[in-house]
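In: Need the 3D shape of this:
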Amino acid sequence: MKKPTSNTPDAASELFKAFADPVRLRLLNLLVGGEVCVCHLHEALELPQSTASRHLAYLRKRGLVVGRKEGLWVHYRLAKPLGGVHRKLLDCLADCGKDDWATSDRKRLARRTCCEE
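Out: Numbers count the residues shown, from 1 in each chain. Have a look, this model is predicted:
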């Protein structure tokens, strides 16, 4: 699947699929605050690194996140919105960030201890 680059039904469907998965939703929530290393993301979500990396690859292929390699680790951030549907989903994500699950994830992220630089 290529990055959705236009406001077509197929592109919107791919964005909704990306946001529909609970793990991907939690990853996106943590990236709202800025760039985060994959090691911190998997630790904060209490997931195996391979699971976090697989979901981040899915999001990257759809143009929702951007990765930057630094040494052994990849640091991810949200990509610029690709269109109106993408912007609206990010607005919804900001509202979800007020929920208890999102707050708990961010608290765990703040206590991260791996790969400190």
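In: Okay, now the unreliable bits of the chain?
Out: 1-6, 113-117 (pLDDT under 70).
In: hey, where'd the strands end up in it?
Out: With DSSP state E, the ranges of strands along the chain come out as 36-37, 65-70, 73-78.
In: out of these, nearest to residue 44?
Out: strand 36-37 (8.2 Å; Cβ to Cβ). Every C-beta, even on glycine, is put in place using the N, C-alpha and C of the backbone.
In: which residues touch stretch 64-79?
Out: Residues outside stretch 64-79 that contact it (Cβ atoms under 8 Å, 6 or more residues apart in numbering) are 15, 18, 27-28, 31-32, 34-39, 41, 53, 56, 59-60, 63, 86, 90, 115, 117.
In: 6 Å instead, please
Out: 18, 31, 35, 37, 38, 39, 56, 59, 60, 63, 115 (Cβ atoms under 6 Å, 6 or more residues apart in numbering).
In: List the buried residues in that stretch.
Out: Neighbour counts over stretch 64-79 (16 or more other Cβ atoms under 10 Å) mark 64, 65, 67, 73, 74, 75, 76, 78, 79 as buried.
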